[in-house]
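**Student:** here you go, sequence then predicted model.
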Amino acid sequence: MPSISEEAIERYLRNLLATIFRDGGHYTSKVGLRKATEEAIEKCAEWAQTKDNK
């Protein structure tokens with residue numbers, strides 16, 4: 001498996017967060033990577049729970 005730079009990892013993470021929050025990255029820029037990631041995990045868990053309960 002090819003190695004990936006820290007910069008590339010951060011870029012992928014920021015793109016994923018922008019997709020989850022549907023805001024082009026504005027929220028992550030405002031609150032920082034750690035808080036945005038924690039909230040994205042909670043949001044995805046809620047989505048999964050909602051999907052499982054259908």
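**Tutor:** Thanks, I have it. Keep in mind that what you see is a predicted model, and the values were worked out from it rather than measured. Numbers count the residues shown, from 1 in each chain.

**Student:** what's the longest helix in the protein?
**Tutor:** helix 33-52 (DSSP state H).

**Student:** so what secondary structure elements neighbour that helix?
**Tutor:** Where contact means 3 or more Cβ pairs under 8 Å, 6 or more residues apart in numbering; DSSP states H and E, helix 33-52 is packed against helix 6-21, helix 26-31. Backbone N, C-alpha and C define where each C-beta goes, glycine included.

**Student:** for the residue nearest the centre of the chain, what are its contacts?
**Tutor:** The chain has Leu17 as the residue nearest its centroid, 2.8 Å off, counting by Cα atoms, centre = their mean. Going by Cβ atoms under 8 Å, 6 or more residues apart in numbering, Leu17 touches Gly25, Tyr27, Thr28, Leu33, Ala36, Thr37, Ala40.

**Student:** cutoff 7 Å now
**Tutor:** The contact partners of Leu17, taken as Cβ atoms under 7 Å, 6 or more residues apart in numbering, are Gly25, Thr28, Ala36, Thr37, Ala40.
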